[in-house]
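J.: Sequence first, predicted coordinates after that:
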Amino acid sequence: MTETAFSGAYGKIDATALIVDDDDVSLSVFSEILGKGGMNCLKATSGNEALNILTNSEVDIILADYSMPEMDGVALYKEVRARRMNMPYVILTGYGSVDNAVACMKLGIYDYIQKPCDPNKVLTTIRNSINHFKLSEENKRLKSQIKQQFNFQDIVTVSPAMADALKLAAKVAMIPGATVAIYGESGVGKEVLARAIHNAGSGLDTSFVAVNCAGMPAGLMESELFGHVRGAFTSADKDRPGKMDMAKKGTLLLDEIGDMPLDLQVKLLRVLQEKTYEMLGSNKQIKAEFRLIVASHNDLTELARMGSFREDLCHRVNMFPIRIPPLRERKEDVSTLSHYFLDQFRKEFGKPLPGISEKAMEALMDYHWPGNVRELKNCIERAAILTDDGLIQPRHLIIFGKQGNREHVGAHMENNAFALHISLPSKDVSLDNIVSQALQLSLEMCGNNKSRAADLLKVDRGMFYRKK
């Protein structure tokens, strides 16, 4: 679809139209109008001729007469759709068939143009049809993209433990009123799973609203959740809806709910019990129409036992708990996820990125991944940027992990940037050990050239003689 632009008396439209009409006069009139509007026009006097043109030419919009022998405008529309040709379609109609044309719009035909016609109205209808079609197609593309990213079958895993979590999530997604508690360390994908539950249950036409309760001041969090009316507090100069209103008919995710202040927990409990709430500064009751999903890296029952989380609220939100295991407990996913992320970055960066070397994969598998899936994705992204067209090697990995009883990090030099792999014994670590290791590894990287290694570490060359 070409971009639309407007100028002059009619407004220029940069697009190609196919006009289908068995009346030569009508064909000429519409061809002239569209030509003055800057459009390229193709003409057909029958449905079959139009189909032949569509097979061999790029067309942005079809204008077809309602009444034609053999194949009328509606029959042509159905045939175009049956052949999976996708473009906006407008019916041309006389006075006597306006009602029929309106009925046709229920089939998916965008609009109709009545004969005789106003040239400006014709161009406006065409412009609106093309723009509406483009927006509709973009919306479909984005929805498809979201569905692909946040669907159960698209959450990459080969881990039995993770598969069990997904099975639980798929079951509860079908119960719209069920509150879900997702547990897991930072970076395991709690929000990804929450979105998958939302999409499977509420669908893509409803809102998914996430609120991070960690580190947000109590007053701000209350306004953020419930919204406020003008005058509710000093800076409230206008009404502002809260996240609960934005999540209407959809899903509200309260991430790190364990950090929510106790006084606000009381108000949330009331919302869950009474299914209503009020905006700050208002007494008007609003229906709470959303699915609640909470997420936490802490066990809420343990927080309740310690007194930092209300026990009654814990019972409410912990109705259906799902635990996402950390990556170190499902090492079988490291290889699968690494190749999945690499494929994503291959497309995003437009680089060949043929794969990950055996030694690099060993390093990835040896690492304990405290940052979980998020850290792994970041690691693969950096490696994808650093590597040229070959396999990802250990030198491209920037990770801190354990190997046997020794600590190590990677070492590489890319684009004049230096990262050092330091190995240290797990006991009796000293500054002398660290310096010796750094000197030795920098020498190895510089081909035993002491001057270059000294420049690299910005130290005196004599260091390499004093530290051995």
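T.: Sure, I can see it. Residues are numbered from 1 along each chain as shown.
J.: Just say helix, strand or coil for the closest residue to E256 other than its chain neighbours.
T.: Closest residue in space to E256, ignoring its immediate chain neighbours: A214 at 4.0 Å, by CB to CB, 6 or more residues apart in numbering. C-betas here are computed from N, CA, C, even on glycine. The three-state assignment at A214 reads coil, by DSSP: H, G, I helix; E, B strand; the rest coil.
J.: okay, A214: pLDDT?
T.: Here the pLDDT value assigned to A214 is 87.
J.: Would you map the strands across the stretch 1-150 of the chain?
T.: Under the criterion DSSP state E, counting those that start in this stretch, the stretch 1-150 of the chain contains strands at 16-20, 40-44, 61-65, 89-93, 111-114.
J.: List the buried residues in the shortest one.
T.: Under the neighbour-count criterion of 16 or more other CB atoms under 10 Å, strand 111-114 has 111-114 buried.
J.: Mean pLDDT lowest where, among the strands of the stretch 1-150 of the chain?
T.: Among these, strand 111-114 scores lowest, with a mean of 87.
J.: Give the pairing partners of it; include direction for each.
T.: The strands that strand 111-114 pairs with in its sheet are strand 89-93 (parallel) (by DSSP bridges).
J.: now the angle from the biggest helix by length in the chain to strand 16-20?
T.: If you go by DSSP state H, the chain has its longest helix at helix 119-149. Orientation check (axes from the mean of the first three to the mean of the last three CA atoms, to 10 degrees): helix 119-149 against strand 16-20 gives 110 degrees.
J.: Reformat the buried residues of strand 111-114 as a markdown table; add distance to L123.
T.: Formatted as a markdown table, these follow (distance: CB to CB, whole Å):
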| residue | distance to L123 |
| --- | --- |
| D111 | 13 |
| Y112 | 15 |
| I113 | 10 |
| Q114 | 15 |
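J.: farthest pair in those residues?
T.: Distance extremes for the buried residues of strand 111-114: the farthest pair is D111 and Q114 at 10.5 Å, using CB to CB.
J.: if we can go back for a sec, and the longest helix of the chain, what's buried?
T.: For helix 119-149, by 16+ other CB under 10 Å, it's 119, 122-127, 129-130, 133-134.
J.: List the contacts of stretch 263-279.
T.: Stretch 263-279 has contacts (CB atoms under 8 Å, 6 or more residues apart in numbering) with 179, 218, 221-222, 225-229, 232, 239, 241-242, 244, 254, 260, 284-288, 292, 309-310, 312-313, 316-317.
J.: how does it look with 6 Å?
T.: 218, 222, 226-229, 285-288, 310, 313, 316 (CB atoms under 6 Å, 6 or more residues apart in numbering).
J.: For the stretch 301-450 of the chain, just list every one of the strands.
T.: 320-323, 400-403, 406-409, 412-414, 417-419, 424-425.
J.: Okay, buried residues for the first one please.
T.: Looking back up the chat, that one is strand 320-323. Using 16+ other CB under 10 Å as the test for burial, strand 320-323 gives 320-322.
J.: which outside residues touch it?
T.: 165, 168-169, 172, 178, 180-183.
J.: Which of those residues sits closest to K190?
T.: For the contacts of strand 320-323, the nearest to K190 is I182 (4.7 Å; CB to CB).
J.: centre of the chain versus the helix or strand where that closest one lies, how much separation?
T.: Assigned by DSSP states H and E, I182 belongs to strand 180-183. Centroid separation for strand 180-183 versus its chain: 21 Å, with CA atoms, centre = their mean, to the nearest Å.
J.: partners of it, with directions?
T.: Sheet pairing here is set by DSSP bridges, and for strand 180-183 it gives strand 291-296 (parallel), strand 320-323 (parallel).
J.: Could you look up the SS state of V156?
T.: V156 ends up coil, using three-state DSSP.
J.: Model confidence for R310, exactly?
T.: Each residue has a pLDDT score; the one for R310 is 97.
J.: Tell me, how many residues neighbour the closest residue to it other than its chain neighbours?
T.: Nearest non-adjacent residue to R310, counting by CB to CB, 6+ apart: Q265, 4.7 Å away. If you count neighbours by other CB atoms under 10 Å, Q265 ends up with 19.
J.: I'd guess Q265 is in a helix, am I close?
T.: Yes: counting by three-state DSSP, one finds Q265 located in a helix.
J.: Just the pLDDT for it.
T.: Looking at Q265, its pLDDT stands at 96.
J.: got it, and the one 3 residues further on?
T.: The score at L268 is 97. That number is its pLDDT.
J.: Look up how far G201 lies from it.
T.: As judged by CB to CB, to the nearest Å, L268 and G201 stand 21 Å apart.
J.: Quick check: P116 vs A64, distance?
T.: Going from P116 to A64 by CB to CB gives 17 Å.
J.: returning to what we had before: would you check which pair of the buried residues of helix 119-149 lies furthest apart?
T.: Pairwise distances among the buried residues of helix 119-149 were taken by CB to CB; the largest, 23.0 Å, belongs to P119 and K134.
J.: what residues are up against P325?
T.: Each residue near P325 by CB under 6 Å, 6+ apart is listed here: A161.
J.: burial of the residue nearest to L54 when sequence neighbours are not counted, as a residue count?
T.: Residue nearest to L54 in three dimensions, not counting chain neighbours: M85, with 5.7 Å by CB to CB, 6+ apart. By other CB under 10 Å, 14 other residues sit near M85.
J.: ok, now S159?
T.: Around S159 there are 20 residues (other CB under 10 Å).
J.: Also K106?
T.: K106 - counted by other CB under 10 Å - has 7 other residues nearby.
J.: picking up where we left off before, just the buried residues of strand 111-114 now: which is nearest I91?
T.: Y112 (4.3 Å).
J.: you'd agree that closest one is up against G94?
T.: No: using CB atoms under 6 Å, Y112 makes no contact with G94, being 10.6 Å away.
J.: Share the number of residues neighbouring the closest residue to D65 other than its chain neighbours, please.
T.: With sequence-adjacent residues excluded and distances taken as CB to CB, 6+ apart, D65 is closest to D21, at 4.2 Å. Residues within reach of D21, counting by other CB under 10 Å, total 26.
J.: just to revisit the earlier point, how close does the residue nearest to E256 get to E191?
T.: 13 Å.
J.: more crowded one of those two?
T.: More crowded of A214 and E191, by other CB under 10 Å: E191, with 17 against 13.
J.: Which element, helix or strand, includes the residue nearest to that one when sequence neighbours are not counted?
T.: Once flanking residues are discounted, E191 sits nearest to A210: 6.1 Å by CB to CB, 6+ apart. Taking DSSP H and E as the criterion, the element that holds A210 is strand 208-212.
J.: Packing partners of that strand?
T.: helix 243-246, strand 251-255 (3 or more CB pairs under 6 Å, 6 or more residues apart in numbering; DSSP states H and E).
J.: any chance of these in TSV, plus mean neighbour count and mean pLDDT?
T.: Converted to TSV, the helices and strands packed on strand 208-212 look like this (neighbours: other CB atoms under 10 Å; pLDDT from 0 to 100):
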stretch	mean neighbour count	mean pLDDT
helix 243-246	20	96
strand 251-255	24	96
